[in-house]
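A.B. asks: Make a model of this:
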Amino acid sequence: MRNQIQLITYADRLGGTLAGTTEVVREVFGPALGGVHLLPFFTPFDGADAGFDPVDHTQVDPRLGSWDDVRALSETHDTVVDVIVNHVSSSSAEFQDVLARGDESPYASMFLTFDAVFPDGATEEQLAAIYRPRPGLPFVPVTMGGKRRLAWVTFTPQQMDIDVHSEPGAAYLESVLQALAGANVSLVRLDAVGYAIKKAGGTCFMTPETFEFIDAFSTRARELGLEVLVEVHSYYKRQVEIAAKVDRVYDFALPPLVLHAFYSGDPAPLAAWLDIRPANAVTVLDTHDGIGVIDVGASDEPGGGPGLLAPAQINALVEGIHEHTRGQSRLATGAVASNLDIYQVNATFHAALGSDAARSLAARCIQFFTPGIPQVYYVGALLGENDMDLLARTQVGRDINRHYYTRAEIDETVQTPAVAALLALMRFRNEHPAFDGAAAHSVAGSVLTIAWTNGEHGARMDCDVATAVVTLTWTAGGGEKTTHDLLAAPPVA
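C.D. replies: Now for the predicted structure:
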């Protein structure tokens, strides 16, 4: 995967279709992007969880286009596509067959039930140990072949967990990998893979057996020419552990640490993470989900260690997001909004910085100088505000950060000085040769410095998180250039 900025986007919310998204990527963003992560475009893309509940993971929803459209984008950009490892839709043909025929269905073993994991029943202690990103236990009553059963559902009642080691489950996942490899996809993201292995007596999340599965599945993906990105929100040491076993991991600790730095004026916790974080990371500030806090918190396991932020700092971070969004994030987070996650606050990253262009550009500068492959969410790339109208219509908390853009709106937005400056900064990150070298960082008071060196080429960022003032210094044309104002004078490689 090339060392350039990726965009992560829904096809229907940026360009309307896959072909429309490709047009926006090429015509609007141009050299600001080297790759695109297309969020689920499978049948149906607009299900119970915005495409993460596929009825058929091997088929493009015809309302968005076809596999030919994915191949067309792959001609000019690296493409990233999700493999939704943990579950399929309750409306899938396989699950519907099990509902109708029960144990007589050839797919009966594909879906996890309570008794498949707990054949002798479960104690209160065993049930309480199960980790789930939503409130309550992960079971829903269903009738399979006339028999009442408890199906395992990690996320919503419409997302049925599969047994990845069963013959039909393994065949299903193989068919997904084959379809993506056939569409010239560059990298697959293993979505929700941390929950894929269930075993009585444990958390059913990121167990030793989970790591074994990730290793085996990643090996198979690579055999098909696919790089692997693992998506797991968890204790930071787990991310470091996962990184040693896969091509890439997400740096989900970066967003809350950047916000903490700007809210508090203290970059020390962020610098401490830069000391130990894996270099083979995809860096993010925003995603299609909320702003995570579990990634900087203490371990929830017995005898686990402290987090990257102390509990009081995390509380201040959450309250800071609510304050900077003028209370809008409260309306989209937790029990007040459906489809909630217990470890995320919902808001656009720009809004979480008080909709301050200078702070948003400074935050992106930190992201782009942090080692790894930067990924920018489509709303963040356009410095989008919270979509309170969409939230009011759907009552889904994460929709506050999932705006539907028209092409006219996009064309108007990229002409604003702030977004134009952000796109210039993205082009600089893609084009300057220093970023193919090595990075070093330091802290002096409230100033975080990250400097890249590649032979005679250099690029340095000095960001005062207390004031959001950034100074960039870089080599160009045999000399050195400097800017103290990213908004008025963005860098040019």
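A.B. asks: correct me, but L422 touches R364?
C.D. replies: Yes: look at L422 against R364 with C-beta atoms under 8 Å: they come within range, at 6.1 Å. All C-beta spots, glycine's among them, are computed from the backbone N, C-alpha and C.
A.B. asks: Look at stretch 285-294 and report the distance between its end residues.
C.D. replies: Stretch 285-294 has its terminal residues 15 Å apart, counting by C-alpha to C-alpha, to the nearest Å.
A.B. asks: Pull the distance from it to the chain's centre.
C.D. replies: Between the mean C-alpha point of stretch 285-294 and the mean C-alpha point of its chain there is a distance of 7 Å (C-alpha atoms, centre = their mean, to the nearest Å).
A.B. asks: pLDDT averaged over that stretch, what's the number?
C.D. replies: For stretch 285-294, the mean pLDDT works out to 92.
A.B. asks: Give the residue spans of this protein that score low on pLDDT.
C.D. replies: Low-confidence segments of the chain, defined by pLDDT under 70, span residues 335-342.
A.B. asks: again, only using 80
C.D. replies: Low-confidence segments of the chain, defined by pLDDT under 80, span residues 300-304, 334-343.
A.B. asks: can you list the domain ranges for it.
C.D. replies: Here the domain parsing of the chain from automatic domain parsing is 6-85+166-434, 93-161, 437-483.
A.B. asks: which residues of the stretch 251-400 of the chain fall in helices?
C.D. replies: Remark: helices of the stretch 251-400 of the chain, listed N- to C-terminal, are 254-264, 268-276, 311-324, 349-352, 357-369, 378-381, 388-394; assignment by DSSP state H, counting those that start in this stretch.
A.B. asks: Tell me which of the ones you listed sits nearest to S234.
C.D. replies: Taking C-beta to C-beta, helix 254-264 is the member of the helices of the stretch 251-400 of the chain nearest to S234, at 13.6 Å.
A.B. asks: Can you name every helix or strand that the closest one contacts?
C.D. replies: Using 3 or more C-beta pairs under 8 Å, 6 or more residues apart in numbering; DSSP states H and E as the contact test, the elements touching helix 254-264 are helix 268-276, strand 291-292, helix 311-324, helix 357-369.
A.B. asks: do that again at 6 Å, thanks
C.D. replies: Contacts of helix 254-264 with other secondary structure elements, assessed using 3 or more C-beta pairs under 6 Å, 6 or more residues apart in numbering; DSSP states H and E, are made with helix 268-276, helix 311-324, helix 357-369.
A.B. asks: wait, what's in contact with the closest residue to L391 other than its chain neighbours?
C.D. replies: Of all residues not flanking L391 in the chain, I400 sits nearest, at 4.6 Å (C-beta to C-beta, 6 or more residues apart in numbering). Contact analysis of I400 by C-beta atoms under 6 Å, 6 or more residues apart in numbering lists A332, N346, N386, D387, L391.
A.B. asks: Considering those residues, which possesses the most neighbours?
C.D. replies: Ranked by neighbour count (other C-beta atoms under 10 Å), the contacts of I400 have N346 at the top, with 30 neighbours.
A.B. asks: Please tell me I have it right and that one contacts G292.
C.D. replies: No: contact criterion C-beta atoms under 6 Å: N346 and G292 do not qualify, at 10.8 Å.
A.B. asks: Flag every buried residue along the host helix or strand of R222.
C.D. replies: Take DSSP states H and E as the rule and R222 turns out to sit in helix 208-223. Of the residues in helix 208-223, T210, F211, F213, I214, F217, S218, A221 count as buried by neighbour count, 16 or more other C-beta atoms under 10 Å.
A.B. asks: same thing with stretch 71-84?
C.D. replies: Of the residues in stretch 71-84, those buried (16+ other C-beta under 10 Å) are A72, L73, S74, H77, D78, T79, V80, V81, D82, V83, I84.
A.B. asks: Dump the C-alpha coordinates for stretch 346-353 into PDB.
C.D. replies: Taking C-alpha atoms only, stretch 346-353 is exported to PDB below (Å, rounded to 0.1, in the frame of the first residue of the first chain):
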ATOM      1  CA  ASN A 346     -20.500  10.800  18.500                       C
ATOM      2  CA  ALA A 347     -19.500  14.100  16.800                       C
ATOM      3  CA  THR A 348     -17.500  15.300  13.900                       C
ATOM      4  CA  PHE A 349     -13.900  15.800  14.700                       C
ATOM      5  CA  HIS A 350     -14.100  19.400  13.500                       C
ATOM      6  CA  ALA A 351     -17.000  20.100  15.800                       C
ATOM      7  CA  ALA A 352     -15.100  18.400  18.700                       C
ATOM      8  CA  LEU A 353     -12.500  21.100  18.200                       C
END
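A.B. asks: now that stretch: how far from the chain's centre is it?
C.D. replies: Shown here is stretch 346-353, whose average C-alpha point lies 15 Å from the average C-alpha point of the whole chain (C-alpha atoms, centre = their mean).
A.B. asks: contacting residues around P157?
C.D. replies: Shown here is P157, whose contacts under the criterion C-beta under 6 Å, 6+ apart are V140.
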